[in-house]
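[1] Provided below for reference: sequence and predicted model.
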Amino acid sequence: MENYIFELAHLVLRFFHVIAGIAWIGASFYFAWLDNNLQTPPQWKLDKGIKGDLWAVHGGGFYEVAKYQHGPEQMPHTLHWFKWEAYTTWITGILLFSLLYYVGADVYLIDNSKTALGKFAAIGASVAFIGLGYGVYRLLCKGQLVKNSIAFVVVVIALLAVWTFAVDQLFSDRAVYIHVGALIGTCMVGNVYHIIMPGQRYMVREVEAGRIPDSAPGLKAKLCSIHNNYATLPVVFIMLSNHFPYTYSHDFGWLIL
């Protein structure tokens, strides 16, 4: 009976995690594509403060999308916020991660051929590694390095490689990959919660007050959104790797990742 409940919870959490992830990734990719395909609008739209527009046809209808330079003269009554896709993906992901690798630590997390960690010690090490990785990423995002895209990417990849190698010394091969996915996913949702959403709330407040918002919070939110777009690719690879054991079970699986 306990195994049935465990597997049912596993199925339900994985289902909602995948659905929420599709919604989050889909919205993220759509807005990245939208920003890259905006056209210079006609003068009458420019006079209204519209920076770019785009026409599309889909599902039997025509759509007109416009992006403002600063914001509309009056905030609409209904404003759609793209945040719950990210939060739901992370919450269901952490619950699924906890169910498999903490509740089922003896099976999925611990590899006695690598280290003789007890269940609670392994769980503590797991939480500590993810927390440390997230803290380092947040510090890097607050520093000056983030202004240099190439240098930032090189440093992040190098630190992630060291972090992955360290995790590989403690946990099972499959758990190593999932830990990297959990870390990247946590950094992504942290971008949404700490940077993107506060920046958007600031913009809304300024427009509602009749002021032109400072561009800095919006640019910072845009940068974090770009980070999330690129981070999606290794996360999807990690999700797929579960079906291809030769990736994570390789002697240099951490390096492949």
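    Arrived safely, thanks for sending.
[2] Show me the helices in the stretch 1-150 of the chain, by range?
    With DSSP state H, counting those that start in this stretch, the ranges of helices along the stretch 1-150 of the chain come out as 2-37, 43-46, 84-98, 119-142, 149-168.
[3] Single out the most deeply packed of the ones you listed.
    Stretch with highest mean neighbour count among the helices of the stretch 1-150 of the chain: helix 84-98 (a mean of 19; mean count of other C-beta atoms under 10 Å). Backbone N, C-alpha and C define where each C-beta goes, glycine included.
[4] Which elements pack onto that one?
    Contact here means 3 or more C-beta pairs under 8 Å, 6 or more residues apart in numbering; DSSP states H and E; on that basis helix 84-98 packs against helix 2-37, helix 173-190.
[5] how much does that helix deviate in direction from helix 2-37?
    Per axes from the mean of the first three to the mean of the last three C-alpha atoms, to 10 degrees, the angle that helix 84-98 makes with helix 2-37 is 150 degrees.
[6] got the angle for helix 84-98 vs helix 119-142?
    Counting by the same axes, to 10 degrees, helix 84-98 lies at 150 degrees to helix 119-142.
[7] Return helix 84-98 as CSV; C-alpha atoms alone will do.
    Only the C-alpha atoms of helix 84-98 are listed here, as CSV (Å, rounded to 0.1, in the frame of the first residue of the first chain):
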residue,chain,number,x,y,z
TRP,A,84,2.7,31.4,-11.5
GLU,A,85,4.0,29.2,-14.3
ALA,A,86,7.5,29.6,-12.8
TYR,A,87,6.4,29.2,-9.2
THR,A,88,4.2,26.2,-9.9
THR,A,89,7.1,24.5,-11.8
TRP,A,90,9.5,25.0,-9.0
ILE,A,91,7.1,24.0,-6.2
THR,A,92,6.1,20.8,-7.9
GLY,A,93,9.7,20.2,-8.9
ILE,A,94,10.9,20.5,-5.3
LEU,A,95,8.1,18.3,-4.0
LEU,A,96,9.0,15.7,-6.6
PHE,A,97,12.7,16.0,-5.8
SER,A,98,12.0,15.6,-2.1
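[8] Surely S249 is in contact with A175?
    No - in this structure S249 lies outside contact range of A175 using C-beta atoms under 8 Å: 11.8 Å.
[9] neighbour-wise, which of those two wins?
    More crowded of S249 and A175, by other C-beta atoms under 10 Å: A175, with 24 against 13.
[10] sorry, back to before: output the helices and strands packed on helix 84-98 in a markdown table, with distance to K222 and mean pLDDT appended to each entry.
    Shown next, in a markdown table, are the helices and strands packed on helix 84-98 (distance: least, C-beta to C-beta, whole Å; pLDDT from 0 to 100):
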| stretch | distance to K222 | mean pLDDT |
| --- | --- | --- |
| helix 2-37 | 8 | 92 |
| helix 173-190 | 15 | 94 |
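[11] Any chance of CSV for those, columns distance to H227?
    Formatted as CSV, the helices and strands packed on helix 84-98 follow (distance: least, C-beta to C-beta, whole Å):
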stretch, distance to H227
helix 2-37, 11
helix 173-190, 8
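[12] ok so, going back, what's the closest of the helices of the stretch 1-150 of the chain to T232?
    helix 2-37 (5.4 Å; C-beta to C-beta).
[13] chain center to the closest one: distance?
    11 Å (C-alpha atoms, centre = their mean, to the nearest Å).
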